[in-house]
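Undergrad: I would like the atomic coordinates for the input below:
(chains A and B)
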2 protein chains.
Amino acid sequence: MNKVIFYEAFDEEASAIRKFLPGDLNAVFTWKTIQEQGDSSPPAELISVRTQSRVPKEWGKRIKGILTRSRGYDHLTAFRRETGLDIPCGFLDDYCGRAAAEQAVLMMMALLRKLKKQAGNFRAFSRDGITGAQCKGRRAFVAGVGHIGAEIVDITKGLRMEVKGFDIEHKIKGLVYVPLAEGIAWADVVFCALPLTEATRGMIGYEALKQGSPGKIFVNVARGEISPAGELKRLLEEGAVGGIGLDVFPEESALAHRLRAGTESSNQEVKTVLELAERDEALFTPHNAFNTQEALEQKAALSAQAVKQFLARGTFPLAVPSL
Amino acid sequence: MNKVIFYEAFDEEASAIRKFLPGDLNAVFTWKTIQEQGDSSPPAELISVRTQSRVPKEWGKRIKGILTRSRGYDHLTAFRRETGLDIPCGFLDDYCGRAAAEQAVLMMMALLRKLKKQAGNFRAFSRDGITGAQCKGRRAFVAGVGHIGAEIVDITKGLRMEVKGFDIEHKIKGLVYVPLAEGIAWADVVFCALPLTEATRGMIGYEALKQGSPGKIFVNVARGEISPAGELKRLLEEGAVGGIGLDVFPEESALAHRLRAGTESSNQEVKTVLELAERDEALFTPHNAFNTQEALEQKAALSAQAVKQFLARGTFPLAVPSL
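TA: I've put the predicted structure just below:
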């Protein structure tokens, strides 16, 4: 029997992981999910998946562990609940906090300097309407100071901005934490790096962002549901917000389907996002903030490390808590 | 007689300067040059210009001083040489180093993260070909560590990059200075912030940039003549350079004329720039790196300060050296 099988591992990820594994380890890779592969019995004692595979219930007694190559592990909790077995399950630590934070800061700088219009103005070599604003001395407010937010704090301080944060936990020494409304009222730039929970859904919408100085920049690299598109549009039209950088979107799967298939959508949030996308004050990217060479490399290293530790000691560096 | 006349001062600059002057000062503003205004005799004892006016030779014995609202003062040196008079002439200190540096760093980040293609990919919500690279840990080489270059050093260190510099003077403590070729061979990103002199013309071209690791980023916010467009194109085609950010261009006035008038140009450098502009690996802006609210404000403050000092004491904060 093989030692480990990696499902859902495309060529790039597979070769990155291989680099970090011992050459003699009996490891198998496939880009398919378990279902696409059609395996009727487990081909290895350790199964590694991402989020698309469903581990068959009947494999429960024939495997020794499951590693998901993601931070989320809801699917493994569900598997345990379904089987009633307490099989060791592992997940990965943060591997893309810096990548996402650098993208968030890039979006802020691009919006402060009206980069979309600047680059457009090159075509007429004109300077009309492209006087920008500097980062240095401006006020950055980071809502959600977790893996991504902490890195945004680090970078914006490096740019010599004034920085305040909002979070349930106050982990960073030297960072001033304030309530959400106070932070927004104070800020020139608002970053959203909050997790999506029932409490944060819709939290940074019209009522929140209309406070404080007009023309502020809003950047969201967390989850689109925290800021409804219709409310962002109204904020832009009324001048409370002067620039919007989004890497994530409300109704993101409907939006992605609409854009990939090219079909019409009756979803009002999707329509509003597409309207906003045309504006010079909006900078939208396709949920790509995590996507750097370093993050992909780090993910592969963490995956290989988890596999090696499990095969040696039967435990994962980060274990899914027992039910 | 008026105390001071500001030529070449458009509304925005005029009102910014007025804010910093005493309300009772007899100051006159016009957006026209001296020649456009058609003044046959000097309308004030202190004349302030930018770089487009020629101060008439015959005004030499009737004015007390000239302030140019620019860092360059070649035109005032020429006036003194022409008249043989040693009239006090003033110029402005750096007012846009930080603005230009922030734009240079923005261009670097946008190129490292393939922002042009990322934003384009939003239209299909696709992630093909947009894996980027992080700033943190990468190597930034700053050629020319003057007003702009020193700020680029500050910002790239803030982004936790490794930084080295090249300059005739070694002014910044803690910065490692290396020869140009050594710095380029070492770097992931090369910034050009050199002054244009006979020595630097063409200095960062094909031979210089083909050294070192492939795919490096090149950003120029200094003067286009330092990097011929044809050589940059060849570097991109051969893979030595993977991204080009330009705010300045060789043959810039011919390029600007071509783009503003929309006429054809037979200038090969202009044609090459326009070809490059279409590529995803190129990010071009219309000589706008200086252009922030802060820089415009600072320029107005420095202009008003120079005028006030001259009217009180007959000297400028920064005086053009005597012939």
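Undergrad: low-confidence ranges in the stretch 1-150 of chain A?
TA: For the stretch 1-150 of chain A, the stretches with pLDDT under 70 are A:1.
Undergrad: near chain B, which residues of it?
TA: Within the stretch 1-150 of chain A, the positions near chain B by CB under 8 Å from any CB of the partner chain are A:98-99, A:102-103, A:105-106, A:109-110, A:113, A:115-116, A:118-119, A:121-127, A:130-137. The C-beta positions use only the backbone N, C-alpha and C, and glycine is treated the same way.
Undergrad: which other residues reach whichever strand or helix holds A:Leu296?
TA: Assessed by DSSP states H and E, A:Leu296 sits inside helix A:293-313. In this structure, residues lying in contact with helix A:293-313 by CB atoms under 8 Å, 6 or more residues apart in numbering or on different chains are A:3-4, A:6, A:12-13, A:16-17, A:19-22, A:25, A:27, A:46, A:48, A:64-65, A:67, A:69, A:88, A:90, A:92-93, A:95-96, A:98-99, A:315-318, B:131-134, B:136-137.
Undergrad: List only buried entries from those.
TA: Among these, those scoring as buried are A:3-4, A:6, A:13, A:16-17, A:21, A:27, A:46, A:48, A:64-65, A:67, A:69, A:88, A:90, A:92, A:95-96, A:98-99, A:316, B:131-134, B:136 (criterion: 16 or more other CB atoms under 10 Å in any protein chain shown).
Undergrad: List the buried residues of the helix holding A:Leu296.
TA: Buried residues in helix A:293-313, defined by neighbour count with 16+ other CB under 10 Å: A:294-296, A:298-308, A:310-311.
Undergrad: How far away from the center of its chain is it?
TA: Its chain's C-alpha centre and that of helix A:293-313 lie 19 Å apart, by CA atoms, centre = their mean, to the nearest Å.
Undergrad: can I have it written out in PDB, keeping just the CAs?
TA: Output of helix A:293-313 as PDB, limited to C-alpha atoms (Å, rounded to 0.1, in the frame of the first residue of the first chain):
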ATOM      1  CA  GLN A 293       4.900  32.200  -5.800                       C
ATOM      2  CA  GLU A 294       5.900  32.400  -2.100                       C
ATOM      3  CA  ALA A 295       2.400  31.500  -0.900                       C
ATOM      4  CA  LEU A 296       2.200  28.500  -3.300                       C
ATOM      5  CA  GLU A 297       5.700  27.400  -2.100                       C
ATOM      6  CA  GLN A 298       4.800  27.800   1.500                       C
ATOM      7  CA  LYS A 299       1.700  25.800   1.100                       C
ATOM      8  CA  ALA A 300       3.700  23.000  -0.500                       C
ATOM      9  CA  ALA A 301       6.200  23.100   2.300                       C
ATOM     10  CA  LEU A 302       3.500  23.000   5.000                       C
ATOM     11  CA  SER A 303       1.800  20.100   3.200                       C
ATOM     12  CA  ALA A 304       5.000  18.000   3.000                       C
ATOM     13  CA  GLN A 305       5.900  18.800   6.600                       C
ATOM     14  CA  ALA A 306       2.500  17.600   7.800                       C
ATOM     15  CA  VAL A 307       2.800  14.400   5.800                       C
ATOM     16  CA  LYS A 308       6.300  13.700   7.100                       C
ATOM     17  CA  GLN A 309       5.300  14.300  10.700                       C
ATOM     18  CA  PHE A 310       2.200  12.100  10.500                       C
ATOM     19  CA  LEU A 311       4.100   9.200   8.900                       C
ATOM     20  CA  ALA A 312       6.800   9.500  11.600                       C
ATOM     21  CA  ARG A 313       4.700  10.100  14.700                       C
END
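Undergrad: and it, average pLDDT?
TA: In this model, helix A:293-313 has a mean pLDDT of 96.
Undergrad: Equivalent analysis for stretch A:211-224, please.
TA: The pLDDT scores in stretch A:211-224 average 96.
Undergrad: any idea how far that stretch is from the chain center?
TA: Relative to its chain's centre, stretch A:211-224 lies at 17 Å (CA atoms, centre = their mean).
Undergrad: hmm, that stretch touching chain B?
TA: No. Stretch A:211-224 is not in contact with chain B by CB under 8 Å from any CB; minimum separation 10.9 Å.
Undergrad: mind listing the strands in the stretch 51-200 of chain A by residue range?
TA: A:65-68, A:89-90, A:139-143, A:162-166, A:176-177, A:189-192 (DSSP state E, counting those that start in this stretch).
Undergrad: hey, which of these is tucked in deepest?
TA: Of all the strands of the stretch 51-200 of chain A, strand A:189-192 has the most neighbours on average by mean count of other CB atoms under 10 Å in any protein chain shown, namely a mean of 28.
Undergrad: residues contacting the residue of the stretch 51-200 of chain A found nearest chain B?
TA: Closest approach between the stretch 51-200 of chain A and chain B, counting by CB to the nearest CB: A:Gly158, at 2.6 Å. Applying CB under 8 Å, 6+ apart, one finds that A:Gly158 lies in contact with B:155, B:157-160.
Undergrad: who wins for neighbours among those?
TA: Using other CB atoms under 10 Å in any protein chain shown as the neighbour criterion, B:Ile155 leads these with 24 neighbours.
Undergrad: I'd like to know how far that one sits from B:Val219.
TA: For B:Ile155, the distance to B:Val219 (CB to CB, to the nearest Å) stands at 12 Å.
Undergrad: Just the buried residues of the residues of the stretch 1-150 of chain A next to chain B.
TA: Among the residues of the stretch 1-150 of chain A next to chain B, the ones that count as buried by 16+ other CB under 10 Å are A:98-99, A:102-103, A:105-106, A:109-110, A:113, A:115-116, A:118-119, A:121-122, A:125-126, A:130-136.
Undergrad: Among those residues, which lie within helices?
TA: Taking DSSP state H as the definition of helices, these contribute A:98-99, A:102-103, A:105-106, A:109-110, A:115-116, A:118-119, A:121.
Undergrad: so A:Thr68 makes contact with A:Asp74?
TA: No. At 9.4 Å, A:Thr68 does not count as touching A:Asp74 under the criterion of CB atoms under 8 Å.
Undergrad: how about the helices in chain A?
TA: Under DSSP H, chain A gives helices at A:11-20, A:34-37, A:74-83, A:97-112, A:115-121, A:147-158, A:180-186, A:206-209, A:229-238, A:252-261, A:268-277, A:293-313.
Undergrad: ok, now which ones touch A:Phe166?
TA: A:141-145, A:177-180, A:183.
Undergrad: ok, so of those residues, who is nearest B:Val189?
TA: Closest approach between those and B:Val189, by CB to CB: A:Val142, at 26.0 Å.
Undergrad: quick one: A:Leu276 and chain B, what's the gap?
TA: Using CB to the nearest CB, to the nearest Å, we find A:Leu276 at a distance of 11 Å from chain B.
Undergrad: Grab the nearest non-local neighbour of that residue.
TA: A:Ala282 (4.8 Å; CB to CB, 6 or more residues apart in numbering or on different chains).
Undergrad: so what's the one you found bridging to?
TA: Per DSSP bridges, the residues bridged to A:Ala282 are A:Ile244.
Undergrad: Quick one: neighbours of it, just the number.
TA: Using other CB under 10 Å, A:Ala282 is surrounded by 21 other residues.
Undergrad: ok, it touching A:Glu275?
TA: No. Look at A:Ala282 against A:Glu275 with CB under 8 Å: they stay out of range, at 9.3 Å.
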